[in-house]
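Participant: dropping the sequence and predicted coords here.
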Amino acid sequence: MKARAFDYARPASVAEALTAFEQADGDASYIAGGQSLVPALALRLQAPARLVDIAHIAELRGIAVEEGWLRLGALTRHVELHDHPLVATHAPLLALAAPHVAHPAIRNRGTLGGSVALADPAAEFPAMLLAMDAEMEITGPEGSRRVPAGDFFQDLYQTALEPGELLVALHIPAAGPGHRCAFDEIARRRGDYALAGCGVMLTMPGDIVDEARIACLAVGSTPLRARAAEAALIGRRLDPDSIRKAQSALADDLDPPDDAEVPAAMRLHLARVLLGRLLGGMAEAA
Amino acid sequence: MSSALPVTLTVNGETLTRLVEPRETLADFLRRDLGLTGTHAGCEMGVCGACLVMLDGAPVHACLTFAVQADGAEIATVEGLTENGVLADLQHAFHQRNALQCGFCTPGMLVSAQGLLARTALPSRAEIRDALSGNYCRCTGYEAIVDAIETVARRRAAGETAAPFMEEPA
Ligand SMILES: Cc1cc2nc3c(=O)[nH]c(=O)nc-3n(C[C@H](O)[C@H](O)[C@H](O)COP(=O)(O)OP(=O)(O)OC[C@H]3O[C@@H](n4cnc5c(N)ncnc54)[C@H](O)[C@@H]3O)c2cc1C
Ligand code: FES
Ligand code: FES
């Protein structure tokens, strides 16, 4: 349970980080909070020759609203997503999901950028970013670009990040008034990766759903947007009938993995139960 | 090959500089290099919570942090938190309520409990269990641990303090 030897660089800027990575001839890893990478090194699932510690780069920090977008630096820690008033106001799905991510001590060190770069299909934040149409700001040797969440998560642990590229910040369209959000998941024990999870964001100025965004986790090889379930709600009242239609539409949206312990049908069932609970709760609160 | 790097950090109030290999975890650094064996190493992969220490005032896993990453940080281990009395009331309550048997999980439990009470003055039992979700105890069944933490939360809210925890004479 000990990592293989590696050398260690601690750059102070994004430019220095890119150089430190490049100098290792492709045999390097960035480390942010280390809450996923360190166990992988200890188990020797990974054994890079160099770790580039990005945790001290000021450009990767900060939580601010700029021109209608909430900018979250890649180094924003899970605990900050839970606590920060700007996150609660403009990206409530992240704040609601935060208590379900791992355990308190891991939330004190784990970063949003690390969770997004890792892209575990059962992770909460990637799915919530997908629901909110976030954009990922990426910088690499070739320059900078912004990739919509829908194009970023490509396959199991596979993202739009090229080797050596850095996730700099996450940009989220700031939620306006009239938004309602809910999140829940089912895990064997609190803090475990979920068997299924679901986040919902509705725009409902009156009692008709104007806009619906639903994303699910642990029900496919990437986080998934539930477009068919969304369509079943838009233009409708939030009532038992529309909720039932949204639940059954999930079959078209999700692609749960089939494993011996948790069959695909069970994950789909759990996602439907969650969606029903969330929408039912939102209807009651309306 | 990776060579040892100088690391300067404050441990239990004392600032020190040591050469460490980058792959050495903070848990191994505390235990082997500094002899502070109150920080326990169990799973060494972030699951059991035996290795929790305070890093800049918040609980973190010493097994999920390399010592080089803690350069410039302030670390408090169960030894330091015992000496300065921060944990005294929790230790008394754990003792009274039999919230430990073998004691392997206890340093991590105390650090988690301290972290919880710093954020939430009067947590519910469900919140206490939630905060301990990453702390495994193979002996007690948790009930006594939750009782002890709940008792301390009430005592702290009422402004009670405790004398430093001392082992009873044999
Ligand atoms: C016991 C345990 C339980 C957990 N439970 C959950 C859970 O329920 N839900 C959940 O979502 N997560 C869970 N996690 C994972 C945790 O949330 C991690 O903190 C998170 O996945 C990674 O963040 P990090 O900053 O620690 O990343 P690191 O571990 O530092 O890095 C992870 C990966 O991302 C890359 N990376 C990091 N930052 C960047 C960047 N800015 N640009 C490019 N690449 C980058 C690294 O190179 C590495 O490949 C758990 C972890 C543990 C140990
Ligand atoms: S030793 Fe660190 S969590 Fe088990
Ligand atoms: S007292 Fe033995 S593991 Fe908790």
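Facilitator: Sure, I can see it. Numbers count the residues shown, from 1 in each chain, chains lettered A, B, ... in the order given. Ligands and ions are numbered 1, 2, ... in the order given.
Participant: who touches residue A:50 in this structure?
Facilitator: By C-beta atoms under 8 Å, 6 or more residues apart in numbering or on different chains, the contact set of residue A:50 is A:6, A:7, A:8, A:9, A:20, A:21, A:23, A:24, A:27, A:28, A:29. Backbone N, C-alpha and C define where each C-beta goes, glycine included.
Participant: how about it: which residues does it bridge to?
Facilitator: residue A:7, residue A:28 (DSSP bridges).
Participant: please report the distance of it from ligand 2.
Facilitator: According to C-beta to the nearest ligand atom, to the nearest Å, residue A:50 stands 24 Å off from ligand 2.
Participant: and the gap between the residue of the stretch 101-250 of chain A found nearest ligand 2 and ligand 3?
Facilitator: Proximity of the stretch 101-250 of chain A to ligand 2 (C-beta to the nearest ligand atom) peaks at residue A:105, 8.4 Å away. According to C-beta to the nearest ligand atom, residue A:105 stands 17 Å off from ligand 3.
Participant: other residues contacting the strand or helix carrying that residue?
Facilitator: Taking DSSP states H and E as the definition, residue A:105 sits inside helix A:104-109. Identification of contacts with helix A:104-109 by C-beta under 8 Å, 6+ apart yields A:33-35, A:77-79, A:82, A:98, A:101, A:191, B:46, B:49, B:52, B:55, B:58-61, B:64-65, B:112, B:115-116, B:131, B:134.
Participant: can you tell if it touches ligand 1?
Facilitator: Yes - Helix A:104-109 is in contact with ligand 1 by C-beta under 6 Å from any ligand atom, via residue A:106.
Participant: keeping just the C-alphas, turn that helix into CSV.
Facilitator: The C-alpha trace of helix A:104-109 is given here as CSV (Å, rounded to 0.1, in the frame of the first residue of the first chain):
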residue,chain,number,x,y,z
PRO,A,104,-16.2,15.3,5.7
ALA,A,105,-12.4,15.0,5.8
ILE,A,106,-12.3,14.1,2.1
ARG,A,107,-14.5,17.1,1.4
ASN,A,108,-12.0,19.3,3.2
ARG,A,109,-9.4,18.4,0.5
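Participant: pLDDT of that helix, averaged?
Facilitator: Mean pLDDT, computed over helix A:104-109, is 98.
Participant: re the thing from before, which residue sits closest to the residue of the stretch 101-250 of chain A closest to ligand 2, ignoring its sequence neighbours?
Facilitator: residue B:59 (4.3 Å; C-beta to C-beta, 6 or more residues apart in numbering or on different chains).
Participant: so the one you found sits right up against residue B:53, yeah?
Facilitator: Yes - counting by C-beta atoms under 8 Å, residue B:59 touches residue B:53, with 7.4 Å between them.
Participant: any idea how chain B splits into domains?
Facilitator: Domain assignment for chain B by automatic domain parsing gives B:5-81, B:85-157.
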